[in-house]
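Participant: Fold the stuff below for me.
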Amino acid sequence: MRRKIKVLLFLLLLGTGIVTSIQGKAAEAEEKTIVQIEVTDTALEVSYGSQFDVSDVNLLVHYSDGTVAEAKPDAISIVDTSKLGTQTITIQYKEMMVEYTLLIVPRQVTGVRMKKGTKTTMTVTWDALEEAEGYEIYTAAKENGNYTLKGSTEKNEYTFENMEPGKIIYVKIRAVSGDVAGDDSEVAPVAPKPDKVTGIQATGAVKTKITITWTEAAGATGYAIYYRLASDSTYTLAGTTEKLTYQITGLKAGQDYYIMVYAYAADISNLSDPSAVSFYGTAPKIPEISELKGGDKRVKVYWKKCTGAEQFRIYISTSASDGFTLAATVSSEEPRLYGIDGLLQKKKYYVKMVSVRTVSGMELTSESTVKNATTKKATATSTAAKYYSTKKKFQNSPAYKKYKAFRKQIVYNKSYIVPGLKVTNVAGFNTTRMVPQSITFAKKYLLISAYDYSKAQESVIYIMERKTREYITSLVLPHKGHVGGMAFDGTNLWIAYGKNLQCIKYSVVKNAALSGKAYTEIYHFTTVAAMPETVSYVAYYQDRVWAGAYNEKSKKYMYGYSIASKTGVPVLTQTNRMLMPNRTQGVAFTTEGKMIISRSCQTKKGRSGFICRLETYNPTWNLSNYSLKKNKRKKIVKMPPMNEGIAIYGAYTYIIYESPAFFECPAPVDRVAAFKTKKISG
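Facilitator: Next up, the predicted model:
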C-alpha cells in the first residue's frame, strides 16, 4: 500500500513541475519557474471558415533550470476565420502571455473537372468559393513537372484554347483574394474532346465473354466500354483500356448484348460522343450429354436443355481424342435426343456435341465433354401373346372366368394380341415392361400406344394390320410420356402428351407401315396444341377432337375442339365441354351419338378407388352450346381390372388393358378385346 501511495505522490508532484528524487529520498525540492513560452509546430495559415482553437496550438515551455517541456495553451484569444488576411492572437500559459500572427487564406479549390470541349478546346470547372475574388490557373507538361501561371479568372471555370488533340496538360488551381491565396488544388489532367469510336467488331466470344476491337479514335488517351443485355435498358461500364481491344467478362451464356465504346482523353469524364451501338452475343451454354447408350448397330444420344443454342452438332468417332465426324445437326426446337445409325455391332463409339448460335454473322459454339457407349444386338418386338397363346388358354384365364359380362360379350376372333408385351424393340433397344394405354383406328391400321414402365426407353405406337390383326412395325416417339390417348380425324393422328396434343399426318403412319423397317423414329410433329390440363384420353367425333383429364376423385371436363387447316398445319379451337365421371380412362362414340366411357382404377378389389367397367350415356349433342350434357347413365358393363383406351370400328367396340404390365393384377388381359357395340351399349 505504501508503494502505491509513493508512486501516486511522485506523479502528482511531477504534474505540477516540482522535481523530486527519482530514488524517492526525502531531499528538499527546489521550485523552478517558467522563463519563456514559445509557439512551435503551429500553422501560420488557416483556411477561411475553418475552426482554430487551443487544440491547434503547440507550445514549448522553458524553465529556470534549463529544462523544456511541451504544453497546450490555457487559453487563446478568438480567431475569426470568416475574415481573410492577418490576425494577431494572444496565447496564455499560466502566468506567461505571448502573441502569434495567423494568416487567413481562401480554402483549397476542389472539384476540378472537365466540363465541355471540342477537338482543340476544353473548359474546366470547379467548385466555387464564396471568399475568392478570383482564381489562378497553373499548368505543367508533366504531372510532377514545374507549374507556371497560365491565366486567371473571376469565374469558377476556365477554357483552354488551341490544345493539341491527344496531348494532356496538368492543371492546378488556387483561389486568391487580395494579396492572399489558398492552397493549390489537386492535379487534374486536361485534354480536348476526342473523336468518337468507329469500326467496332467482335473477334471472339465464349459463353461468358465477348472480345471486341475498334479503330483508333483521334485525340483519345483511353477507351470506356459499356454493354447491356438486349432485354435490359441500362448500360453497364465493363471497364477502361488504353488498347484497341477489350474482353468483356462476367456475361451470361447464350445471350444477346448491345455494346458501345467511348473514347476519352485525360480522364473518363472527358468522353467522346458515343459510338454506334453494336449487337453481339455470347456463345451458348456448354451442352451436356445426359445419356449415351449403345443399341443395335446404333447409339442414341440424349442431352439437357442448353441456354442460347440454336442447333446442336453431334460428332462420333471410334477414338476418344480424334477422328470425330459430323453425324447429325439437330435444331434446338427438336427433341433433345438422336439416334446415330449404320454402326458396327459390339463396338465402342465416342460422341461429343457442339452447341451453336449465330449473332451478327458470327458463329458462336461451345463443346461438350466426350462420352462413349458400346453397340449391342436387340431382340425383335414380340408378336406372341404374353399369357394366353391359344383360345383355350384365354378361356381359362381369370379375366374370362371371373367376369361374366366380359366372358359373354367378348368376340375372340375379332380381338387383337397386344404386341411387345414380352419384349419391344424400341429403336434398337429392348424393354420388357411396356404398358399398353390407348387405341385408335386409322384407315387400314389399328394403332396401340404404350410406355415403358421402367422409363428406360421411349414410348411407342404399335401399328397393326386392321384386317389380319397382325403386328407390322412401331413408331418410336421422342419422349417417354404415358400416351394415354390417341384419336384419328381422317387426316391427322392426335397423341396425348402431358398438357399437349401432338399431331402427325397419316402419311407418317402409312410410310412406317410400308417401310419394312422394325421401327420408325419420330422427331418432328406437324403441330403441338396446348391443352388446359394433362390429357389422359382423346377421341374424334362430329368433326371435333375431344380430350379430357383423368382424376381418381374429382369429375373433370372433356373439351371439344374444332379443327382448322386439317390438311395443312391443323389448329384446334375449343368449342365445347362436357363434365365427365372421375377415373375416366377412355371414351368412344357410336354413329347414333351414344358415348361409351372406359372407367378404371387400381389392379384389384380392396384397393382405394377400385373400379373397372364401361358406362354408356346418350348426351345431348347441341354443339352450338358451349356446355353439353352427357345426361343420365344408360348402362354399366363390368370389365376385368385396368381397362384403358376404347375405340369403335364398324360394329365392334375395342378395349385395351394395361394389366399385362402389372404382375400384381389377378386378371390380366393381353388382348385388345372386341365386343359387339350394340350388346355393350344397350
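Participant: make it CA atoms for all contacts and neighbour counts henceforth
Facilitator: Will do.
Participant: how about the nearest residue to Tyr302, chain neighbours excluded?
Facilitator: Of all residues not flanking Tyr302 in the chain, Leu337 sits nearest, at 4.4 Å (Cα to Cα, 6 or more residues apart in numbering).
Participant: ditto for Val124
Facilitator: Once flanking residues are discounted, Val124 sits nearest to Met114: 4.5 Å by Cα to Cα, 6+ apart.
Participant: what sits up against the helix or strand hosting the one you found?
Facilitator: Using DSSP states H and E, Met114 falls within strand 113-117. With contacts defined as Cα atoms under 8 Å, 6 or more residues apart in numbering, strand 113-117 is touched by 122-126, 188, 190, 192-193, 269-270.
Participant: min pLDDT across the residues you listed, which one?
Facilitator: Across those, the smallest pLDDT goes to Ser269, namely 91.
Participant: is it true that that one lies in a helix?
Facilitator: No - under DSSP: H, G, I helix; E, B strand; the rest coil, Ser269 sits outside any helix and is assigned strand.
Participant: Quickly note the distance from it to Lys115.
Facilitator: From Ser269 over to Lys115 the distance is 8 Å, taken as Cα to Cα, to the nearest Å.
Participant: okay, the two: which has more neighbours?
Facilitator: With neighbours defined as other Cα atoms under 10 Å, Ser269 and Lys115 compare such that Lys115 has more, 15 against 12.
Participant: Against Ser152, how distant is that one?
Facilitator: In this view, Lys115 and Ser152 are 18 Å apart by Cα to Cα.
Participant: before we move on, what about Ile210?
Facilitator: Remark: distance between Ile210 and Ser152 (Cα to Cα) = 48 Å.
Participant: and these two? which has more neighbours close in?
Facilitator: Taking neighbours as other Cα under 10 Å, Ile210 and Ser152 compare with Ile210 leading, 22 against 17.
Participant: tell me the SS of that one?
Facilitator: strand.
Participant: Low-confidence regions, the chain specifically.
Facilitator: Where the chain drops to pLDDT under 70, the residues are 1-30.
Participant: for it, what spans make up the helices?
Facilitator: 2-15, 391-395, 398-402, 404-409, 506-514, 677-681 (DSSP state H).
Participant: what does the fourth one contact?
Facilitator: For helix 404-409, the external contacting residues (Cα under 8 Å, 6+ apart) are 399-401, 637-640, 675-676, 679-680.
Participant: separation between the nearest residue to Gln108 once chain neighbours are set aside and Ala128?
Facilitator: In space, and not counting its chain neighbours, Gln108 is closest to Asp183: 4.9 Å by Cα to Cα, 6+ apart. To Ala128, Asp183 is 14 Å away according to Cα to Cα.
Participant: And for Lys155?
Facilitator: As for Lys155, its distance to Ala128 is 8 Å (criterion: Cα to Cα).
Participant: More neighbours: which of the two?
Facilitator: Neighbours around Lys155 and Ala128, counted as other Cα under 10 Å, are more numerous at Ala128. The numbers are 17 against 14.
Participant: pretty sure the residue nearest to Gln108 is touching Thr110, no?
Facilitator: No - at 10.2 Å, Asp183 does not count as touching Thr110 under the criterion of Cα atoms under 8 Å.
Participant: Determine the number of other residues adjacent to Phe160.
Facilitator: By other Cα under 10 Å, 17 other residues sit near Phe160.
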